[in-house]
Structures are given as structure tokens and as C-alpha cells.
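1. need the 3D shape of this:
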Amino acid sequence: ERDLKTLVFIKHARDLGFSSEQMKELVSLWKNTDRQSAEVKQLALKHIDELKQRIARFQEMVNLLQTSANYCTGDNSADCAILNHIEKG
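-> Modelled structure (predicted):
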């Protein structure tokens, strides 16, 4: 029963994007009835910052790829703005 609850807890943490190391820490805190919620909050806020940074990087990638796609004629021509952009980095 307890093992199943732990597995479900880990799955939920993974669904929120926590790393393996963060999940270990969360499980430890979850099992520790003497924990301080401040520790959990600090871990969560750090993870939120990491997620925001990843989202910003993904948004940059979307913008760059969208710009390249806008310049790609998408016809029978061999010239492709998308491939040119990827080549140049």
C-alpha cells in the first residue's frame, strides 16, 4: 500500500517535470513528518524558475523557426530558408 502511494507520488512529481534528484528530495520530504514546508516551497520555486527559463528558450526556438518558415517558399525550389537557418545556427 505504502509502496503504491510512493509510486503514485513519484508519477505526479514526474508529471510536473521534476528531475530524478528533485523527486528523491520530494519523496524524502513527503515521508518526513517533521519536514518544514519552507523546504518544499523553496524546491518548488526553484523548479518554477527552471521551467520558466525552459519555456523562454522554447519560445525563442518557436520564434526563430517561425521566422524561417515564413521565408521558406515551400515550393519546388531547392532553396530553403529553414535549412539555411539551421546550417548557419
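2. which other helices and strands contact the helix or strand of the chain with the lowest mean pLDDT?
-> Taking mean pLDDT, DSSP states H and E as the measure, the chain has helix 81-88 as its least confident helix or strand, at a mean of 91. Counting contacts by 3 or more CB pairs under 8 Å, 6 or more residues apart in numbering; DSSP states H and E, helix 81-88 packs against helix 37-71. (C-beta placed from N, C-alpha, C; glycine too.)
3. list the buried residues for the helix it packs on?
-> 47, 68 (16 or more other CB atoms under 10 Å).
4. now the angle from that helix to helix 81-88?
-> 120 degrees (axes from the mean of the first three to the mean of the last three CA atoms, to 10 degrees).
5. so Leu51 touches Gln22, yeah?
-> No - contact criterion CB atoms under 8 Å: Leu51 and Gln22 do not qualify, at 11.6 Å.
6. on that earlier part again, and for the least confident helix or strand of the chain, what's in contact with it?
-> Contacting residues not belonging to helix 81-88 are listed as 64-65, 67-73 [CB atoms under 8 Å, 6 or more residues apart in numbering].
7. and those residues as JSON lines, adding pLDDT?
-> As requested, the contacts of helix 81-88 are exported to JSON lines (pLDDT from 0 to 100):
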{"residue": "Leu64", "pLDDT": "93"}
{"residue": "Leu65", "pLDDT": "93"}
{"residue": "Thr67", "pLDDT": "93"}
{"residue": "Ser68", "pLDDT": "93"}
{"residue": "Ala69", "pLDDT": "94"}
{"residue": "Asn70", "pLDDT": "94"}
{"residue": "Tyr71", "pLDDT": "91"}
{"residue": "Cys72", "pLDDT": "90"}
{"residue": "Thr73", "pLDDT": "88"}
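8. thanks a lot, see you next time.
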